[in-house]
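Peer 1: Provided below for reference: sequence and predicted model.
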Amino acid sequence: MILEASNIKINNNGMIKSCDDFRLSSGDIIKINGDDDIAKALACIYDGEVSGSFLIDGKNLLDIYKIRNLRRRQEFLNSIVNYGLFFVPANPAKVMNRNSRLIDEIYLMIGRRAIVNILNTIIRREMFTYNDIENLIKYYKENKSFLDYWCILYGVYDYIRDIESYINSGDTESIFKILIMKKRGIDVGEAVILRNIYKSDLVKNNSRRITGIERLRYSFLFYFNRRIFYYIRDEISNELKGYIRRSGLNVDLNSMVYENSIENLRSLMFSLSIIKSPSIIIVKDHDEILEKYLDIYKNIGVSIIIVS
């Protein structure tokens, strides 16, 4: 993936703001000068006039600001989702309901891309074999950063230090036990069907009508096997807790938004971004919390634009 930005300008009530041109590839990190308005413009959520070029594989994402028809704008937004943009504001409380629980706000933001990732994680873990552990050890010896990637794939990041210790001591049985303990015991076939529904055009593109068969199949899964959805909720909570620990902070997901510091909320947003697996993260301001997540982003090939 190649990303190029040029001649970007925004009009804020007659005040013209701009940012430097830049270019980056997958896994690159770049810092640019700009305020909140510039960051929101790049994230395609600015409420105002924006011009210029923000190309991803030849598609100008800033074209969204030229669209006035609500249905066409929604279709364009759906296409942007496929590129995996994720925005971390300087103060995440400003994009949340301060009187809601953190976990409820997360469920509102989680999105289709993250649901697909979580279902893939659950399916992968239900079907793992000793060969998966042997591959982990093989690639870990070649590149220690592979462990980050592997633990994210299998949803066991909260055990990453234990797994690293077991690899170094040759205790593969303990790694196997961790994966056994994390199994959900769900019907893999139903999980695959649900994942495919979330990946299908009926979710990717809201302009296509859902057929009767598709609606029936979705309703059957939801009403007669709700535990899959409960497992997804549990998986979201457990994975978030594992990633948040990396920041050294203790965030209670059942606490209210207003009870948390900016540092807690930014740690939560960075953790959520790992679950959503974006291609590009746009971050307002470079702080110590971001520093603690840069290694993970590098290991999973995420491009980062830091606006400060």
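Peer 2: That came through, no problem.

Peer 1: Tell me, how many residues neighbour residue 253?
Peer 2: Per other Cβ atoms under 10 Å, the neighbour tally for residue 253 reads 16. Yep, even glycine has a C-beta here, placed from its N, CA and C like the rest.

Peer 1: ok, and the closest non-adjacent residue to residue 103?
Peer 2: Distance criterion Cβ to Cβ, 6 or more residues apart in numbering; nearest residue to residue 103, sequence neighbours excluded, is residue 253 at 4.3 Å.

Peer 1: show me the contacts for the one you found.
Peer 2: Contacts for residue 253 (Cβ atoms under 8 Å, 6 or more residues apart in numbering) come out as 101-103, 106, 237, 240-241.

Peer 1: shaky segments in the protein?
Peer 2: Within the chain, the segments meeting pLDDT under 70 span 1, 70, 73-75, 77-83, 201-226.

Peer 1: Could you pull out the strands in it for me?
Peer 2: Under the criterion DSSP state E, the chain contains strands at 2-12, 15-18, 22-25, 29-32, 49-56, 59-60, 85-88, 280-284, 303-307.

Peer 1: Looking at these, which is nearest to residue 197?
Peer 2: Comparing the strands of the chain against residue 197 with Cβ to Cβ, the closest turns out to be strand 85-88 (23.1 Å).

Peer 1: Residues contacting that closest one, please?
Peer 2: Outside of strand 85-88, the residues within contact range by Cβ under 8 Å, 6+ apart are 39-40, 43-45, 61, 266, 269-270, 273, 276, 278-284, 290.

Peer 1: partners of that strand in the sheet?
Peer 2: For strand 85-88, sheet partners with direction are given as strand 280-284 (parallel), following DSSP bridges.

Peer 1: Now residue 295: closest residue in space that isn't a chain neighbour?
Peer 2: Using Cβ to Cβ, 6+ apart and skipping the chain neighbours, the partner closest in space to residue 295 is residue 148 (7.0 Å).

Peer 1: quick one: residue 87 and residue 269, what's the gap?
Peer 2: The gap separating residue 87 from residue 269 is 9 Å, by Cβ to Cβ, to the nearest Å.

Peer 1: just residue 278 next, same as before
Peer 2: Note on residue 278: its distance to residue 269, by Cβ to Cβ, is 12 Å.

Peer 1: For this protein, give the helix that spans the most residues.
Peer 2: Selection of the longest helix in the chain by residue count, based on DSSP state H, yields helix 227-245.

Peer 1: Okay, buried residues for that helix please.
Peer 2: Within helix 227-245, the residues that qualify as buried by neighbour count (16 or more other Cβ atoms under 10 Å) are 228, 231-232, 235-236, 239-245.

Peer 1: Just name the closest of the residues you listed to residue 66, please.
Peer 2: Compare each of those with residue 66 using Cβ to Cβ and the shortest gap goes to residue 236, at 35.3 Å.

Peer 1: Touching, that closest one and residue 275? I think so.
Peer 2: Yes - in this structure residue 236 lies within contact range of residue 275 using Cβ atoms under 8 Å: 6.7 Å.

Peer 1: what's the overlap in contacts for those two?
Peer 2: Between them, residue 236 and residue 275 share these contacting residues under Cβ under 8 Å, 6+ apart: 110, 114, 118.

Peer 1: so which of the residues you listed comes closest to residue 14?
Peer 2: Distance to residue 14 across the shared contacts of residue 236 and residue 275 (Cβ to Cβ) is lowest for residue 110, with 37.8 Å.

Peer 1: separation between the residue nearest to residue 103 and residue 287?
Peer 2: Taking Cβ to Cβ as the measure, residue 253 falls 21 Å from residue 287.

Peer 1: Over to residue 49?
Peer 2: In terms of Cβ to Cβ, residue 49 sits 30 Å off from residue 287.

Peer 1: can you check residue 126 too?
Peer 2: Noted for residue 126: a distance of 38 Å to residue 287, by Cβ to Cβ.

Peer 1: do residue 106 as well
Peer 2: Residue 106 sits 21 Å away from residue 287, going by Cβ to Cβ.

Peer 1: These two: who's more crowded?
Peer 2: Neighbour count, other Cβ under 10 Å: between residue 106 and residue 287, residue 106 has more, with 22 against 15.

Peer 1: doesn't residue 240 make contact with that one?
Peer 2: Yes - counting by Cβ under 8 Å, residue 106 does reach residue 240; the two are 6.9 Å apart.
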